[in-house]
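K.L.:
Output the structure for:
(one chain, ligands or ions: 1)
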Amino acid sequence: MESIMAQIQAIKGFADLFPEDSALFLRMEQAAREVFPRYAFGELRTPLLEYTDLFRRSIGTETDVVQKEMYTFADSKERSMTLRPEATAGVMRAYIEHGVHAREAVSKFFTIGPMFRHERPQKGRMRQFHQINCECLGPREAEADAEIICMLMEFLGRLNLGDITLQINSLGCPNCRPAYRKILRDWLESLDPAGLCEDCRRRMETNPLRVLDCKVPTCRENTARAPVMLEHQCPECSAHLDTVLRHLRAQGVSFEINHRLVRGLDYYTRTTFEVVSGSIGAQGSVAGGGRYDGLISSLGGPDVPGIGFACGMERLALLMREDGEHFLSRPDFYLASLDDSCRDAAFELAQILRGAGLGGTLAFETRSMKSAMRQADKSRARFALILGPDELAAGTVAVRNMENGEQRAVSRAEAAGALKA
Ligand code: HAM
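P.N.:
The predicted structure follows:
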(Lines give C-alpha, C1' and ligand atoms only; values in the text may rest on other atoms or scores of the structure.)
Protein backbone atom coordinates (compact mmCIF):
# COMPACT_ATOMS: atom_id res chain seq x y z
CA MET A 1 0.00 0.00 0.00
CA GLU A 2 2.72 2.39 1.05
CA SER A 3 4.86 1.81 -1.99
CA ILE A 4 1.90 2.35 -4.35
CA MET A 5 1.03 5.63 -2.59
CA ALA A 6 4.63 6.75 -2.94
CA GLN A 7 4.21 6.44 -6.70
CA ILE A 8 0.81 8.04 -7.10
CA GLN A 9 0.81 10.79 -4.48
CA ALA A 10 0.10 14.35 -5.60
CA ILE A 11 2.90 16.08 -7.50
CA LYS A 12 4.96 18.48 -5.39
CA GLY A 13 3.44 21.96 -5.53
CA PHE A 14 0.03 20.64 -6.65
CA ALA A 15 -2.62 20.75 -3.93
CA ASP A 16 -5.96 19.14 -3.19
CA LEU A 17 -8.62 21.58 -2.12
CA PHE A 18 -11.10 20.09 0.34
CA PRO A 19 -14.54 21.68 0.85
CA GLU A 20 -13.34 24.07 3.58
CA ASP A 21 -10.54 25.30 1.22
CA SER A 22 -12.86 25.43 -1.78
CA ALA A 23 -15.28 27.49 0.31
CA LEU A 24 -12.74 30.34 0.39
CA PHE A 25 -12.17 30.05 -3.35
CA LEU A 26 -15.92 30.09 -3.93
CA ARG A 27 -16.23 33.19 -1.78
CA MET A 28 -13.60 34.94 -3.94
CA GLU A 29 -15.28 33.82 -7.14
CA GLN A 30 -18.61 35.04 -5.86
CA ALA A 31 -17.14 38.46 -5.05
CA ALA A 32 -15.53 38.58 -8.50
CA ARG A 33 -18.79 37.67 -10.20
CA GLU A 34 -20.60 40.38 -8.25
CA VAL A 35 -18.08 43.18 -8.75
CA PHE A 36 -16.65 42.68 -12.25
CA PRO A 37 -19.91 42.68 -14.24
CA ARG A 38 -20.74 46.09 -12.74
CA TYR A 39 -17.69 47.32 -14.64
CA ALA A 40 -18.91 45.46 -17.77
CA PHE A 41 -16.42 42.58 -17.54
CA GLY A 42 -17.61 39.23 -18.91
CA GLU A 43 -16.14 35.83 -18.24
CA LEU A 44 -13.81 34.31 -20.83
CA ARG A 45 -12.59 30.76 -20.34
CA THR A 46 -9.55 29.88 -22.39
CA PRO A 47 -7.74 26.52 -22.67
CA LEU A 48 -5.18 25.43 -20.09
CA LEU A 49 -2.87 24.23 -22.86
CA GLU A 50 -1.50 26.47 -25.63
CA TYR A 51 1.37 26.33 -28.10
CA THR A 52 4.59 27.31 -26.36
CA ASP A 53 5.29 30.09 -28.85
CA LEU A 54 2.35 32.10 -27.51
CA PHE A 55 3.99 32.41 -24.09
CA ARG A 56 7.50 32.93 -25.45
CA ARG A 57 6.28 35.78 -27.63
CA SER A 58 4.07 37.47 -25.05
CA ILE A 59 5.76 36.96 -21.69
CA GLY A 60 9.26 37.38 -23.17
CA THR A 61 12.14 34.96 -23.63
CA GLU A 62 14.30 36.73 -21.02
CA THR A 63 11.83 36.29 -18.16
CA ASP A 64 12.13 33.72 -15.36
CA VAL A 65 8.69 32.39 -16.29
CA VAL A 66 9.74 31.48 -19.83
CA GLN A 67 13.33 30.55 -19.05
CA LYS A 68 12.78 28.36 -16.01
CA GLU A 69 9.19 27.90 -14.97
CA MET A 70 7.03 26.59 -17.79
CA TYR A 71 5.60 23.08 -17.99
CA THR A 72 6.48 22.44 -21.62
CA PHE A 73 6.33 19.18 -23.55
CA ALA A 74 5.91 17.91 -27.11
CA ASP A 75 2.63 16.41 -28.28
CA SER A 76 2.52 13.33 -30.50
CA LYS A 77 3.19 15.53 -33.56
CA GLU A 78 6.27 17.01 -31.89
CA ARG A 79 4.67 20.44 -31.45
CA SER A 80 5.77 22.19 -28.29
CA MET A 81 2.87 22.79 -25.90
CA THR A 82 2.81 24.56 -22.54
CA LEU A 83 0.43 24.54 -19.58
CA ARG A 84 -0.52 28.18 -19.18
CA PRO A 85 1.69 29.98 -16.64
CA GLU A 86 -0.68 32.99 -16.67
CA ALA A 87 -3.94 33.97 -18.33
CA THR A 88 -3.10 37.16 -20.24
CA ALA A 89 -1.41 35.47 -23.21
CA GLY A 90 -4.35 33.15 -23.85
CA VAL A 91 -6.85 35.99 -23.57
CA MET A 92 -4.85 37.97 -26.16
CA ARG A 93 -4.71 34.97 -28.48
CA ALA A 94 -8.48 34.45 -28.24
CA TYR A 95 -9.11 38.16 -28.79
CA ILE A 96 -6.99 38.21 -31.94
CA GLU A 97 -8.09 34.82 -33.26
CA HIS A 98 -11.80 35.69 -33.03
CA GLY A 99 -11.39 39.19 -34.48
CA VAL A 100 -13.05 40.69 -31.40
CA HIS A 101 -11.61 44.16 -32.05
CA ALA A 102 -13.66 44.42 -35.26
CA ARG A 103 -16.87 43.96 -33.27
CA GLU A 104 -16.29 46.21 -30.27
CA ALA A 105 -14.09 49.15 -29.38
CA VAL A 106 -13.63 48.08 -25.78
CA SER A 107 -13.54 44.48 -24.56
CA LYS A 108 -13.39 43.48 -20.93
CA PHE A 109 -12.79 39.91 -19.85
CA PHE A 110 -12.22 38.10 -16.60
CA THR A 111 -10.80 34.59 -16.31
CA ILE A 112 -10.65 32.37 -13.24
CA GLY A 113 -8.68 29.17 -13.10
CA PRO A 114 -5.47 27.21 -12.58
CA MET A 115 -2.05 28.32 -13.83
CA PHE A 116 1.20 26.34 -13.78
CA ARG A 117 4.71 27.49 -12.96
CA HIS A 118 7.60 25.24 -12.04
CA GLU A 119 8.82 27.38 -9.13
CA ARG A 120 10.23 26.23 -5.80
CA PRO A 121 7.11 25.64 -3.68
CA GLN A 122 6.83 27.55 -0.41
CA LYS A 123 4.10 29.28 1.58
CA GLY A 124 1.96 31.13 -0.97
CA ARG A 125 3.87 29.72 -3.92
CA MET A 126 2.54 26.65 -5.70
CA ARG A 127 3.29 24.97 -9.01
CA GLN A 128 -0.41 24.76 -9.78
CA PHE A 129 -2.03 27.90 -8.46
CA HIS A 130 -5.19 29.83 -9.31
CA GLN A 131 -5.65 33.32 -10.60
CA ILE A 132 -8.54 35.69 -10.93
CA ASN A 133 -7.48 37.65 -13.98
CA CYS A 134 -8.99 40.73 -15.67
CA GLU A 135 -8.12 42.37 -18.99
CA CYS A 136 -9.51 45.58 -20.50
CA LEU A 137 -8.66 45.90 -24.20
CA GLY A 138 -9.13 48.98 -26.34
CA PRO A 139 -8.75 52.16 -24.32
CA ARG A 140 -5.45 53.99 -24.20
CA GLU A 141 -6.83 56.57 -21.76
CA ALA A 142 -5.63 56.79 -18.17
CA GLU A 143 -9.25 56.51 -16.96
CA ALA A 144 -9.18 52.83 -17.95
CA ASP A 145 -6.15 52.32 -15.68
CA ALA A 146 -7.82 54.14 -12.80
CA GLU A 147 -11.07 52.24 -13.34
CA ILE A 148 -9.50 48.78 -13.32
CA ILE A 149 -7.45 49.60 -10.22
CA CYS A 150 -10.60 50.88 -8.45
CA MET A 151 -12.34 47.66 -9.44
CA LEU A 152 -9.48 45.54 -8.11
CA MET A 153 -9.49 47.39 -4.78
CA GLU A 154 -13.27 47.13 -4.51
CA PHE A 155 -13.03 43.38 -5.13
CA LEU A 156 -10.23 42.93 -2.57
CA GLY A 157 -12.14 45.11 -0.12
CA ARG A 158 -14.93 42.52 -0.05
CA LEU A 159 -12.62 39.76 1.13
CA ASN A 160 -11.70 41.02 4.61
CA LEU A 161 -7.96 40.70 4.02
CA GLY A 162 -6.46 42.97 6.67
CA ASP A 163 -3.67 45.37 5.75
CA ILE A 164 -2.79 45.46 2.09
CA THR A 165 -0.93 48.13 0.13
CA LEU A 166 -1.39 49.18 -3.46
CA GLN A 167 1.94 50.03 -5.10
CA ILE A 168 2.16 51.85 -8.41
CA ASN A 169 4.87 52.70 -10.89
CA SER A 170 5.10 53.55 -14.56
CA LEU A 171 7.48 51.78 -16.93
CA GLY A 172 7.21 54.41 -19.66
CA CYS A 173 6.71 53.69 -23.34
CA PRO A 174 8.88 52.79 -26.37
CA ASN A 175 9.68 56.51 -26.69
CA CYS A 176 11.18 57.03 -23.26
CA ARG A 177 12.07 53.64 -21.87
CA PRO A 178 15.13 52.92 -24.10
CA ALA A 179 16.80 56.14 -22.96
CA TYR A 180 16.08 55.33 -19.30
CA ARG A 181 17.29 51.78 -19.79
CA LYS A 182 20.60 53.17 -21.09
CA ILE A 183 20.92 55.63 -18.19
CA LEU A 184 20.22 52.80 -15.76
CA ARG A 185 22.65 50.40 -17.45
CA ASP A 186 25.42 53.02 -17.47
CA TRP A 187 24.78 53.70 -13.80
CA LEU A 188 24.83 49.97 -12.95
CA GLU A 189 28.08 49.54 -14.88
CA SER A 190 29.65 52.22 -12.73
CA LEU A 191 29.06 50.02 -9.64
CA ASP A 192 31.52 47.50 -8.30
CA PRO A 193 30.20 44.27 -9.92
CA ALA A 194 31.03 42.36 -6.74
CA GLY A 195 28.15 44.23 -5.09
CA LEU A 196 25.58 42.57 -7.36
CA CYS A 197 24.44 38.96 -7.46
CA GLU A 198 25.18 36.79 -10.47
CA ASP A 199 21.61 37.10 -11.79
CA CYS A 200 21.82 40.90 -11.63
CA ARG A 201 25.18 40.97 -13.42
CA ARG A 202 23.51 39.03 -16.25
CA ARG A 203 20.30 41.12 -16.13
CA MET A 204 22.38 44.29 -16.42
CA GLU A 205 22.95 43.28 -20.04
CA THR A 206 19.68 41.54 -20.91
CA ASN A 207 17.10 43.51 -18.91
CA PRO A 208 18.61 46.11 -16.55
CA LEU A 209 15.20 47.15 -15.15
CA ARG A 210 14.88 43.72 -13.53
CA VAL A 211 17.93 44.55 -11.38
CA LEU A 212 15.67 46.99 -9.54
CA ASP A 213 13.35 44.28 -8.24
CA CYS A 214 16.06 41.81 -7.22
CA LYS A 215 15.27 40.56 -3.70
CA VAL A 216 18.91 39.97 -2.63
CA PRO A 217 19.57 42.47 0.22
CA THR A 218 23.05 43.54 -0.98
CA CYS A 219 21.69 44.19 -4.49
CA ARG A 220 18.92 46.31 -2.99
CA GLU A 221 21.33 48.30 -0.85
CA ASN A 222 23.73 48.88 -3.70
CA THR A 223 20.99 50.02 -6.10
CA ALA A 224 19.20 52.25 -3.58
CA ARG A 225 20.37 55.38 -5.41
CA ALA A 226 19.71 54.11 -8.93
CA PRO A 227 18.18 56.62 -11.38
CA VAL A 228 14.40 56.64 -11.08
CA MET A 229 12.20 55.80 -14.08
CA LEU A 230 9.57 58.44 -13.29
CA GLU A 231 12.21 61.20 -13.56
CA HIS A 232 13.13 60.12 -17.08
CA GLN A 233 9.70 59.70 -18.62
CA CYS A 234 8.36 61.52 -21.66
CA PRO A 235 5.70 64.19 -20.97
CA GLU A 236 2.93 61.93 -22.36
CA CYS A 237 3.79 59.11 -19.95
CA SER A 238 4.05 61.54 -17.02
CA ALA A 239 0.68 63.08 -17.83
CA HIS A 240 -0.85 59.60 -18.20
CA LEU A 241 0.36 58.56 -14.75
CA ASP A 242 -0.72 61.88 -13.20
CA THR A 243 -4.26 61.33 -14.45
CA VAL A 244 -4.35 57.79 -13.07
CA LEU A 245 -3.16 58.98 -9.66
CA ARG A 246 -5.53 61.97 -9.64
CA HIS A 247 -8.52 59.68 -10.13
CA LEU A 248 -7.31 57.26 -7.47
CA ARG A 249 -6.91 60.09 -4.95
CA ALA A 250 -10.36 61.44 -5.81
CA GLN A 251 -11.82 57.97 -5.26
CA GLY A 252 -10.08 57.63 -1.90
CA VAL A 253 -7.92 54.73 -3.09
CA SER A 254 -4.63 54.96 -1.20
CA PHE A 255 -1.41 53.91 -2.87
CA GLU A 256 2.37 54.18 -2.68
CA ILE A 257 4.72 54.88 -5.55
CA ASN A 258 7.27 52.06 -5.75
CA HIS A 259 10.17 52.99 -8.06
CA ARG A 260 11.38 49.39 -7.99
CA LEU A 261 8.14 47.91 -9.28
CA VAL A 262 9.08 46.59 -12.73
CA ARG A 263 7.07 43.32 -12.81
CA GLY A 264 8.42 40.00 -13.98
CA LEU A 265 6.82 39.81 -17.41
CA ASP A 266 8.13 41.69 -20.44
CA TYR A 267 4.92 43.04 -21.95
CA TYR A 268 4.29 45.98 -19.64
CA THR A 269 4.27 49.66 -20.61
CA ARG A 270 3.29 52.70 -18.55
CA THR A 271 1.16 51.94 -15.47
CA THR A 272 2.22 48.91 -13.43
CA PHE A 273 0.86 48.00 -10.01
CA GLU A 274 0.91 45.37 -7.32
CA VAL A 275 -1.04 44.79 -4.15
CA VAL A 276 1.17 43.50 -1.37
CA SER A 277 0.64 42.20 2.13
CA GLY A 278 3.22 42.03 4.90
CA SER A 279 1.54 39.12 6.65
CA ILE A 280 2.08 36.11 4.37
CA GLY A 281 5.86 35.94 4.31
CA ALA A 282 8.16 36.28 1.33
CA GLN A 283 5.43 35.80 -1.29
CA GLY A 284 3.60 38.98 -0.35
CA SER A 285 2.28 40.01 -3.75
CA VAL A 286 -1.41 39.13 -3.86
CA ALA A 287 -2.16 40.87 -7.14
CA GLY A 288 -0.15 42.35 -9.96
CA GLY A 289 -0.80 43.94 -13.29
CA GLY A 290 -0.31 46.81 -15.63
CA ARG A 291 -0.71 48.25 -19.08
CA TYR A 292 0.59 46.43 -22.16
CA ASP A 293 0.04 48.69 -25.15
CA GLY A 294 2.29 46.80 -27.58
CA LEU A 295 1.36 43.23 -26.70
CA ILE A 296 -1.53 42.57 -29.07
CA SER A 297 0.30 43.96 -32.10
CA SER A 298 3.45 42.03 -31.19
CA LEU A 299 1.36 38.84 -31.44
CA GLY A 300 0.26 39.76 -34.97
CA GLY A 301 -3.00 41.41 -33.90
CA PRO A 302 -4.25 44.96 -34.41
CA ASP A 303 -2.67 47.92 -32.65
CA VAL A 304 -4.98 47.72 -29.63
CA PRO A 305 -3.70 48.71 -26.18
CA GLY A 306 -4.72 47.00 -22.98
CA ILE A 307 -4.42 46.84 -19.23
CA GLY A 308 -5.08 44.08 -16.73
CA PHE A 309 -4.20 42.35 -13.50
CA ALA A 310 -4.26 38.96 -11.83
CA CYS A 311 -4.78 38.01 -8.19
CA GLY A 312 -3.32 34.83 -6.74
CA MET A 313 -6.16 32.94 -5.08
CA GLU A 314 -3.95 30.82 -2.78
CA ARG A 315 -2.41 34.02 -1.42
CA LEU A 316 -5.80 35.66 -0.95
CA ALA A 317 -6.94 32.52 0.88
CA LEU A 318 -3.99 32.87 3.29
CA LEU A 319 -5.12 36.41 4.05
CA MET A 320 -8.87 35.89 4.31
CA ARG A 321 -9.55 36.10 7.97
CA GLU A 322 -12.58 33.85 8.05
CA ASP A 323 -12.24 30.15 8.33
CA GLY A 324 -13.45 28.29 5.23
CA GLU A 325 -15.91 26.42 7.51
CA HIS A 326 -17.65 29.72 8.03
CA PHE A 327 -18.68 29.80 4.38
CA LEU A 328 -19.77 26.19 4.19
CA SER A 329 -23.53 26.15 4.29
CA ARG A 330 -24.92 24.42 7.37
CA PRO A 331 -27.03 21.36 6.50
CA ASP A 332 -30.73 21.52 7.34
CA PHE A 333 -31.12 17.91 8.41
CA TYR A 334 -29.52 14.65 9.38
CA LEU A 335 -31.99 11.81 8.85
CA ALA A 336 -31.53 8.35 10.34
CA SER A 337 -33.56 5.14 10.55
CA LEU A 338 -33.67 3.21 13.81
CA ASP A 339 -34.73 -0.02 12.11
CA ASP A 340 -34.15 -1.61 8.70
CA SER A 341 -37.91 -1.52 8.09
CA CYS A 342 -37.77 2.29 8.05
CA ARG A 343 -35.06 2.73 5.43
CA ASP A 344 -37.30 2.99 2.36
CA ALA A 345 -39.43 5.66 4.03
CA ALA A 346 -36.29 7.49 5.13
CA PHE A 347 -34.88 7.47 1.61
CA GLU A 348 -38.17 8.80 0.27
CA LEU A 349 -38.36 11.53 2.92
CA ALA A 350 -34.80 12.71 2.24
CA GLN A 351 -35.65 13.12 -1.45
CA ILE A 352 -38.87 15.01 -0.60
CA LEU A 353 -36.91 17.40 1.63
CA ARG A 354 -34.29 17.99 -1.07
CA GLY A 355 -37.04 18.51 -3.61
CA ALA A 356 -38.33 21.26 -1.30
CA GLY A 357 -34.94 22.98 -1.39
CA LEU A 358 -33.57 21.67 1.91
CA GLY A 359 -30.17 20.07 2.23
CA GLY A 360 -28.76 17.35 4.41
CA THR A 361 -27.55 13.83 4.96
CA LEU A 362 -29.40 10.54 4.94
CA ALA A 363 -27.76 7.90 7.13
CA PHE A 364 -27.67 4.85 4.89
CA GLU A 365 -27.02 2.42 7.71
CA THR A 366 -29.60 1.79 10.38
CA ARG A 367 -28.43 3.50 13.59
CA SER A 368 -29.11 3.44 17.29
CA MET A 369 -30.63 6.62 18.75
CA LYS A 370 -27.33 7.48 20.43
CA SER A 371 -25.24 7.07 17.33
CA ALA A 372 -27.80 8.99 15.21
CA MET A 373 -27.58 11.93 17.62
CA ARG A 374 -23.80 11.87 17.62
CA GLN A 375 -23.70 11.88 13.81
CA ALA A 376 -26.33 14.62 13.59
CA ASP A 377 -24.23 16.75 15.91
CA LYS A 378 -21.07 16.09 13.91
CA SER A 379 -22.78 17.03 10.66
CA ARG A 380 -23.71 20.46 12.15
CA ALA A 381 -27.29 19.91 10.93
CA ARG A 382 -29.98 22.22 12.25
CA PHE A 383 -32.39 19.29 12.76
CA ALA A 384 -31.99 15.59 13.47
CA LEU A 385 -34.81 13.55 11.93
CA ILE A 386 -35.38 10.11 13.34
CA LEU A 387 -37.57 7.40 11.85
CA GLY A 388 -38.37 4.37 14.03
CA PRO A 389 -41.10 1.75 13.69
CA ASP A 390 -43.57 3.91 15.69
CA GLU A 391 -43.09 6.92 13.45
CA LEU A 392 -43.26 4.70 10.37
CA ALA A 393 -46.64 3.36 11.44
CA ALA A 394 -47.95 6.83 12.38
CA GLY A 395 -46.79 8.54 9.15
CA THR A 396 -44.58 10.89 11.18
CA VAL A 397 -40.92 11.60 11.82
CA ALA A 398 -39.29 12.75 15.07
CA VAL A 399 -37.78 16.20 14.53
CA ARG A 400 -35.17 17.37 17.02
CA ASN A 401 -33.99 20.95 16.96
CA MET A 402 -30.23 20.59 17.48
CA GLU A 403 -29.89 24.06 18.91
CA ASN A 404 -32.39 23.87 21.78
CA GLY A 405 -32.90 20.10 22.02
CA GLU A 406 -36.69 20.36 21.54
CA GLN A 407 -38.17 17.32 19.91
CA ARG A 408 -41.60 16.68 18.43
CA ALA A 409 -43.38 14.34 16.06
CA VAL A 410 -44.23 15.90 12.69
CA SER A 411 -46.26 14.32 9.93
CA ARG A 412 -43.85 13.30 7.14
CA ALA A 413 -45.99 15.14 4.62
CA GLU A 414 -45.41 18.35 6.59
CA ALA A 415 -41.76 17.80 7.50
CA ALA A 416 -40.37 20.16 4.82
CA GLY A 417 -42.64 22.98 5.98
CA ALA A 418 -41.70 22.38 9.62
CA LEU A 419 -37.97 22.57 8.86
CA LYS A 420 -38.42 25.75 6.86
CA ALA A 421 -40.59 27.45 9.47
P1 HAM B 1 2.06 37.83 -12.01
O2 HAM B 1 2.58 38.93 -11.17
O3 HAM B 1 3.05 36.90 -12.60
O4 HAM B 1 1.21 38.52 -13.16
O5 HAM B 1 1.02 36.98 -11.19
C6 HAM B 1 -0.10 37.61 -10.59
C7 HAM B 1 -0.36 37.02 -9.21
O8 HAM B 1 -0.46 35.60 -9.30
C9 HAM B 1 0.76 37.25 -8.22
O10 HAM B 1 0.65 38.52 -7.63
C11 HAM B 1 0.50 36.15 -7.21
O12 HAM B 1 -0.50 36.55 -6.30
C13 HAM B 1 -0.03 35.03 -8.07
N14 HAM B 1 1.04 34.04 -8.34
C15 HAM B 1 1.99 34.09 -9.28
N16 HAM B 1 2.77 33.00 -9.22
C17 HAM B 1 2.29 32.24 -8.21
C18 HAM B 1 2.63 30.95 -7.65
N19 HAM B 1 3.64 30.23 -8.13
N20 HAM B 1 1.90 30.49 -6.62
C21 HAM B 1 0.86 31.19 -6.12
N22 HAM B 1 0.48 32.40 -6.62
C23 HAM B 1 1.18 32.90 -7.65
C24 HAM B 1 0.56 37.84 -14.14
O25 HAM B 1 0.39 36.66 -14.14
C26 HAM B 1 -0.01 38.75 -15.19
N27 HAM B 1 -0.58 37.91 -16.25
C28 HAM B 1 -1.05 39.68 -14.60
C29 HAM B 1 -1.64 40.57 -15.63
C30 HAM B 1 -2.87 40.45 -16.20
N31 HAM B 1 -1.07 41.63 -16.16
C32 HAM B 1 -1.87 42.17 -17.04
N33 HAM B 1 -2.96 41.45 -17.10
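K.L.:
contacts for the helix or strand bottoming out on mean pLDDT in the chain?
P.N.:
Every helix and strand in the chain was compared by mean pLDDT, DSSP states H and E; the lowest is helix 324-327, with a mean of 74. Residues from elsewhere that reach helix 324-327 (Cβ atoms under 8 Å, 6 or more residues apart in numbering): 19-24, 26-27. C-betas here are computed from N, CA, C, even on glycine.
K.L.:
Return the set of buried residues in it.
P.N.:
By 16 or more other Cβ atoms under 10 Å, the buried positions in helix 324-327 come out as 324, 327.
K.L.:
So which of the contacts of helix 324-327 wins on neighbours?
P.N.:
Leu24 (24 neighbours; other Cβ atoms under 10 Å).
K.L.:
so where does the residue located most distally from the centre of the chain fall, helix or strand?
P.N.:
In the chain, the residue that sits farthest from the middle, by Cα atoms, centre = their mean, is Ala393; the gap is 53.9 Å. Using DSSP states H and E, Ala393 falls within helix 389-394.
K.L.:
The nearest residue to Phe36 once chain neighbours are set aside bridge partners, please.
P.N.:
Nearest residue to Phe36, sequence neighbours excluded (Cβ to Cβ, 6 or more residues apart in numbering): Phe110, at 4.9 Å. Note on Phe110: beta-bridge partners by DSSP bridges are Glu43, Cys134.
K.L.:
where does Phe110 land on pLDDT?
P.N.:
Note for Phe110: predicted pLDDT of 98.
K.L.:
Same check on Arg125?
P.N.:
At Arg125, pLDDT is 96.
K.L.:
how about it, what does it touch?
P.N.:
119, 283.
K.L.:
Look up phi and psi at it.
P.N.:
With angles defined as degrees, to the nearest 10, Arg125 sits at phi -130, psi 120.
K.L.:
ok, back up a step: what's in contact with the next helix or strand after the helix holding Ala393?
P.N.:
Counting by DSSP H and E, the next helix or strand C-terminal to helix 389-394 is strand 396-401. Outside strand 396-401, the residues that touch it by Cβ under 8 Å, 6+ apart are 335, 349, 373, 376, 382-388, 391, 406-412, 415, 418-419.
K.L.:
any idea how far strand 396-401 is from the chain center?
P.N.:
Offset of strand 396-401 from its chain centre (Cα atoms, centre = their mean, to the nearest Å): 43 Å.
K.L.:
interface residues of the stretch 151-300 of the chain facing the ligand?
P.N.:
By Cβ under 6 Å from any ligand atom, the residues of the stretch 151-300 of the chain that approach the ligand are 264-265, 285-290.
K.L.:
Restricted to helices, list the residues you listed.
P.N.:
Per DSSP state H, helices hold no members of these.
K.L.:
In a markdown table, list the residues you listed along with neighbour count, distance to Pro85 and pLDDT.
P.N.:
Listed next are those as a markdown table, based on neighbours: other Cβ atoms under 10 Å; distance: Cβ to Cβ, whole Å; pLDDT from 0 to 100:
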| residue | neighbour count | distance to Pro85 | pLDDT |
| --- | --- | --- | --- |
| Gly264 | 16 | 11 | 84 |
| Leu265 | 24 | 9 | 87 |
| Ser285 | 19 | 15 | 95 |
| Val286 | 23 | 18 | 97 |
| Ala287 | 26 | 16 | 98 |
| Gly288 | 23 | 13 | 97 |
| Gly289 | 26 | 15 | 98 |
| Gly290 | 26 | 17 | 98 |
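K.L.:
Could I get the residues you listed in TSV, plus columns for distance to Ala15?
P.N.:
Shown next, in TSV, are these (distance: Cβ to Cβ, whole Å):
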residue	distance to Ala15
Gly264	22
Leu265	24
Ser285	19
Val286	17
Ala287	20
Gly288	21
Gly289	24
Gly290	28
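K.L.:
Could you work out the most separated pair of these?
P.N.:
Across those, the longest distance by Cβ to Cβ is 16.6 Å; it joins Leu265 and Val286.
K.L.:
picking up where we left off before, CSV please, covering the contacts of helix 324-327 and showing pLDDT and distance to Val216.
P.N.:
Below are these laid out as CSV (pLDDT from 0 to 100; distance: Cβ to Cβ, whole Å):
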residue, pLDDT, distance to Val216
Pro19, 90, 41
Glu20, 88, 37
Asp21, 91, 33
Ser22, 93, 37
Ala23, 92, 38
Leu24, 94, 33
Leu26, 94, 38
Arg27, 94, 37
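K.L.:
quick one on the thing from earlier: what does the helix holding Ala393 contact?
P.N.:
Here helix 389-394 has contacts from 338-339, 341-342, 345, 397-398, 409, using Cβ under 8 Å, 6+ apart.
K.L.:
how about a cut-off of 7 Å?
P.N.:
Defining contact as Cβ atoms under 7 Å, 6 or more residues apart in numbering, one finds that helix 389-394 is touched by 339, 341-342, 345, 397-398, 409.
K.L.:
So of these, which two are at opposite extremes in space?
P.N.:
Greatest spacing in the contacts of helix 389-394, by Cβ to Cβ: Ser341 and Ala409 (17.7 Å).
K.L.:
And the helix or strand hosting Ile296, what does it pack against?
P.N.:
Using DSSP H and E, Ile296 sits within helix 295-298. Packing partners of helix 295-298 (3 or more Cβ pairs under 7 Å, 6 or more residues apart in numbering; DSSP states H and E): helix 88-97.
K.L.:
avg pLDDT for the helix or strand following the helix it packs on?
P.N.:
Per DSSP H and E, the first helix or strand lying C-terminal to helix 88-97 is helix 100-103. When pLDDT is averaged over helix 100-103, the result is 97.
K.L.:
Which helix or strand lies directly C-terminal to the helix or strand hosting Glu205?
P.N.:
Using DSSP H and E, Glu205 maps to helix 198-206. Using DSSP H and E, the next helix or strand after helix 198-206 towards the C-terminus is helix 217-222.
K.L.:
chain center to that next one, what's the gap?
P.N.:
31 Å.
K.L.:
which residues pair with Asn401 across the strands?
P.N.:
Beta-bridge partners, per DSSP bridges, of Asn401: Phe383.
K.L.:
So which residues make contact with stretch 111-123?
P.N.:
So stretch 111-123 is in contact with 12-13, 29, 32, 44-46, 48, 65, 69-71, 83-87, 91, 125, 127-133, 280-283, going by Cβ under 7 Å, 6+ apart.
K.L.:
From one end of that stretch to the other, what's the distance?
P.N.:
End-to-end distance of stretch 111-123: 24 Å, with Cα to Cα, to the nearest Å as the criterion.
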